[in-house]
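1. coordinates only, sequence not included:
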């Protein structure tokens, strides 16, 4: 590889890294802004999540005497796993800095690791609220897993037998998919949108705005976190949102432009996903909690149909 | 979804432009009272006698009565102004009422009403753009809660200033307390205060939270929050108008700094 | 010859340790057992490192029988975990069980069990194999029935005996068919084209070995048996004895010349069903050892899926894929042995400290037993299949095999990937519930509040196993290479065809990256926290005056959404609810019996119906001598008639 | 049934001698018989001077039935035969140490010491602190059951109360509610009144029902004094009452939308509620109507220009509200959350004595505005809005229907010329030895005030019964076998007052 190419690759990796680490809170802020616009109010500033993070990281924390080191492991794991998972997910034309055979499994399982640690962290408080949130998180994200993997399977069917299994190759096959069986790809994208919403506890699965302990999933899990650990949790959640959004985006984003074009489409895509989520949240009610599994199973079935359509193309 | 969008178009945008522009207030709103003791007849105690909650003390100003109104106790009912024959005491439409110290909550002729100041240095830098409050309702009538809640609606849109209410005290930067703190809530208020990570602020909203309101002196309650926790901002009223609360909060985080209140319009 | 000698020495030492233990328990017994395990490890390791088929044949005065012992790479792959867990539990049992009244007997039974397992995975003759198999089954029964004064233990023991003998019956039938097919009971690879009987043999093998491995629907004995056995015995049963079933399937298919496509398909489907059922049951268990046992069902299901994928690939001529899936199976045999051994030892430590296995009476133990608790969390994370730990490292090649298979147009790969994904999510739920319920939060009973760390003799083996959970993923590239010859035997493929498993090195690096980045973030967070004054108080209780430990989630509640509200009704465990009634209710209660749905809803009614049928036969039982004489006469007449007619025909 | 009762009307007074003084057994039997005949127990309270008073509300006949009896230290509890007495009897025990023997759930109500000196009904020593919310709670046995303890400090801006759920997973077996955190001693303070502060305290009994409580208090004081407010004052009171109803129903429907996560109606209604509150402020300067009422009259009048302006604003806000609520009821995902959730069976609602919106949502058309109109008070026409099903949807729907009716009513009131004249106030001096009852249909349901004067013309006893006192029990019933995540929705569909209960 000659120097300019190397430089270009390094530039792409850096751009990817910058988007992954710096952009996520903006997405959360954008969702809030969209919802505010829908409601007919100004809403918090776009940069509010950054302000909140900056404040939390600089203020004190209060720890429950019931808790142990496990409680503090949760926030650390939430951030580390989300960031590492993000490292292997390409953003449209911006290749992931790290790519290897089977990296797609790592995305799902790193998120699972983060979930495991945050659930333990919640259970460490010995409170019914956190237990409730943890139980819901465990149940719902577990049911979201098949939809995610069926999406991977659908894409894998586009690749020739043999050869590697990299997320980059898999997602690069998406344009073929749209050409061959657009219906199937649409179903996969829909299923992944459901995964995005449930994994990030958005309406219709969870309502991050109610602030009522008994109905929430994510916020009630972190009810006892404060100060810097809470900041880490919020940042980790934002990064996780970005990572799954990147996965979803890579199904549809055009690629192959220059570095600047790819960066621009990538960022624009992420912002568009945030707007989409904001619109969804603004226009429908939250599901009854025990109806959530039905919707998740439907998402898996959608992805399953996607697999079938792509298999018979 | 389409009906929701159409409904959105119909309902329009409603957030007011405070603090750049003060939204219209009801003309009969009883805001900050003013006293013109030059009009007070000698020996007159009508206002103090009419006040059911002993908010008015009559001092002497060179032989003439000089009423001093403790806004911390005042319920902003019209009893005193109705009782004042020469209209020496009247309520204005001035909504700016929040103060930083309990002692500042006094209206008297010739006295400059010291509005609330911003938090000091580091805390202000921390909370200037992000302030999460844990609202504790403790032994009031749910009236202040109504107006605290109203700030979250789209007309007031508290969120645009980076202020919001949170579920857990661990997530909070301060406590906003309504109600005179009943004996049964004393422990809960203390526990909530201790659960908030520092540095923390406390805001007392309404006459009850400041001095017990209409229930002052009842053995079933503590006559306000100040006896339990250090209060950084007092917002008087029964209940305070949402604009009064918002003005107070913005002063606390340094978003409004002017002390010189514009001349009060006449009461309706 | 060295592996053979080491094997025999190991078995002999185990038996000697057992004999000694019957006289007096003591350090000497444990030392002997560790030595024995060392010998077995030497045998297994040697066989893997220098693959050669060594065979020892001795005459045996049983008609058609011979004692045939052979140590090849496949045996070696199974001898190593037997040795590892044998040694770990030998040390562990010193502090855990030797003081128990049944200590000596259990020690002896475990010794026989270990020796028998070593012989099972090296037997090369049908009848000798059945003999070792039965010895293993009975030794396991004795070992698990240590507390036979408890009714629950006896019931579990009997259930186990029934199922294991159902399995043995199938295996006996399989041996007979094998003799018909091969003309000899000796297990030598058969040459030539496929035979009509091959399918029947494999079917019987899957049934018979499946009963031991806990494959659906013959898994029903497993949770009870593992729960009521002493914990180190459970570790052995779950960690290695179940795997002899997998060994059997691999060995038998390895003897037959050409696998048929349906063998693998059957195993894939059964494996997927087993895995999902096992882990779904684990989510709702209230007994921590039953939970671990259910998770063993899941893991054996995963291994079966891998074997199934390997066999279908072999049948379809995709040799590299077959080796990849097969190596996933063997790697998971190893890794599961390690983390499940650790988890059962941890459960033992909890039981030792608190006297209860009910998770909903535990809680907050991490503070009381920080060392054992931390080690247990490692085990839980590994069993939940999380990256950086042993469980995920062995699911990885199976995932890759699944994807490779589906890209060739197969459906088994789709099944494998989806089942694994769902299992992964459920396992996170189950193990988060277990670790959270037992170790975290507040103690729910006085027992939980007075817990303490176990003695070093119990902690050290746990620490070793936990270290293995962390290190095995790093060693996975080499382990996989070492296992290739074993697969060569099982799949009758040259080991050289084994592919380098893609990404496995990256996976190890990723694990290290998680650890490194995590450590850095942890350090940074704590420096930040140290810089600011920190507060401490109770968990946020909404300001209530009298919070209690009942105000925390129970593990039963934690699993309820998945277990009761989502699981299909036919397998959901039943609940006993005495609801609150009237405007002012006085008494209400709730409990859920987390027995086995399939056993209770399907098998037991069948057994009941069978028993009712049998009761009708009691008509024959008149109790009069002349009646029985008449039966004998009738039987003789019938036999004569058959003989005469047969000759005439 | 004539029976041993004194019959009176809402807003009326009788001399104490006219109130039958029965033996306790006879009173007990009479109450059981009357409740059995379809009347509702409106109040059962001690007077602190050795007597217990029973007030039964007969909605069909528009009458109130009153009787009294001497009160011993203990008596056979009414609750087993008349479940709706359960809280009154607990309250009686807490306030005066009277033990109702055989009460199925005998626990404190507000967690305070008794009002009069004497032994505690639960035998708690005087030096032992009464821990708020800590009582012998009903528990569902089994170590798999977990309890969720919510409150006193709730998430969100909500009054304090302690809710204890007995749960497994997401399912609630039983909910028990312990209140008393807002207890400020209003009834104790009223003894010896009316004081200058009494009106202020009654307005603050429940801030969101300022007008309903204020008016009921005015009714009591006016009846005791034997005077009647003038028609313009009654019109203005009725207008304020409907504005209060409009604001709260709008807010509650918005909050219900918010709890289902349906943003459009949640945000629109939050704003429209403010419009209604501002209409109240246009009348009297306070968004809650503080300072509007006074015994004998009202403080502020409305001239024609102001009425015209208010009509215009009312029409606009009303149209927005109706439109926004229609959107709520037309959205399938919201209706899926409302229907069959939080069901109270009509038979239970009747037995437990639920009132107001919760009662009407079970098909019982009881509305004090219609059934107990005080003289000259402008009331609504036609039957009360009811709904069947007793679920969240029914309660929401009743509110929506009432909201539309209130819009018409308020508009009609604003057109009345009489409202133009600023009314004065009458002098109210209560007569000694009388009993008077005020009954006003607030937006939650009937607010009942009972005043008894002693020989000095001062209150011997003043009893406030907020509709929430009857209805919290309905929320407990609604949660049985319900999902815990639907609790906020069920709670909001009742939207009961904590301070109105705790007083």
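-> Yep, that arrived. Nothing here was measured: the structure is a model prediction, and the numbers come from that model. Numbers count the residues shown, from 1 in each chain, chains lettered A, B, ... in the order given.
2. contact partners for residue C:552?
-> A:126-128, A:131, C:363, C:441-442, C:444, D:146 (CB atoms under 8 Å, 6 or more residues apart in numbering or on different chains). C-beta here means a position set from N, CA and C on the backbone, and glycine is covered the same way.
3. show me which pair in those residues is furthest apart.
-> Considering CB to CB, no two members of those lie farther apart than A:127 and C:444, which are separated by 13.4 Å.
4. which of the two has more residues huddled nearby?
-> Each of residue A:127 and residue C:444 had its neighbours counted (other CB atoms under 10 Å in any protein chain shown), and the higher figure belongs to residue A:127 (30 against 25).
5. please give the element, helix or strand, for residue D:462.
-> Remark: residue D:462 resides in strand D:459-465, with elements defined by DSSP states H and E.
6. hang on, the earlier thing: just the contacts of residue C:552: which are in helices?
-> Counting by DSSP state H, the members of these that fall within helices are A:128, A:131.
7. for the stretch 151-300 of chain A, give me the ranges with low pLDDT.
-> By pLDDT under 70, the low-scoring segments of the stretch 151-300 of chain A are A:208-211.
8. again with chain C
-> Low-confidence regions of chain C, defined here as pLDDT under 70, cover residues C:25, C:496-498, C:565-571, C:648-649.
9. swap in 50 and give it another go.
-> Across chain C, no stretch falls below the confidence threshold (pLDDT under 50).
10. measure stretch D:358-370 end to end?
-> 17 Å (CA to CA, to the nearest Å).
11. quick check: phi and psi at the residue in the stretch 401-503 of chain D that chain A sits nearest to.
-> Among residues of the stretch 401-503 of chain D, the one nearest chain A by CB to the nearest CB turns out to be residue D:485. It sits 4.0 Å away. The phi/psi pair for residue D:485 (degrees, to the nearest 10) reads phi -70, psi -10.
12. list the buried ones in the strand holding residue D:462?
-> By neighbour count, and taking 16 or more other CB atoms under 10 Å in any protein chain shown as the criterion, the buried residues in strand D:459-465 are D:459-465.
13. so which strand or helix has the residue of the stretch 201-313 of chain A found nearest chain D?
-> When you check the stretch 201-313 of chain A against chain D by CB to the nearest CB, the closest residue turns out to be residue A:286, at 3.2 Å. Counting by DSSP H and E, there is no helix or strand that carries residue A:286.
14. and what of the one 10 residues further on?
-> Counting by DSSP H and E, the element that carries residue A:296 is helix A:292-311.
15. buried residues in that helix, which are they?
-> By 16+ other CB under 10 Å, the buried positions in helix A:292-311 come out as A:292-293, A:295-296, A:299-300, A:302-307, A:309-311.
16. of these, which pair is most distant in space?
-> Maximum pairwise distance in the buried residues of helix A:292-311, criterion CB to CB, is 28.6 Å, between A:292 and A:311.
17. before we move on, the earlier item: most neighbours of all the contacts of residue C:552, which one?
-> For the contacts of residue C:552, neighbours were counted using other CB under 10 Å, and residue C:441 has the most, 32 neighbours in all.
18. dihedrals phi and psi, that residue?
-> Torsion angles at residue C:441 (phi, psi; degrees, to the nearest 10) stand at phi 80, psi -150.
19. that one touches residue A:129, doesn't it?
-> No - taking CB atoms under 8 Å as the contact criterion, residue C:441 and residue A:129 are not neighbours in contact, 12.0 Å apart.
20. and the strands in chain B?
-> Taking DSSP state E, the strands of chain B run over residues B:33-35, B:56-61, B:64-70, B:89-91, B:106-108, B:131-137, B:163-165, B:174-178, B:201-205, B:233-235.
21. between those, which one is nearest to chain A?
-> For the strands of chain B, distance to chain A was read as CB to the nearest CB. The smallest value, 7.0 Å, belongs to strand B:163-165.
22. determine how far that closest one lies from the middle of the whole chain.
-> Taking CA atoms, centre = their mean, to the nearest Å, one finds strand B:163-165 lying 17 Å from the centre of the chain it belongs to.
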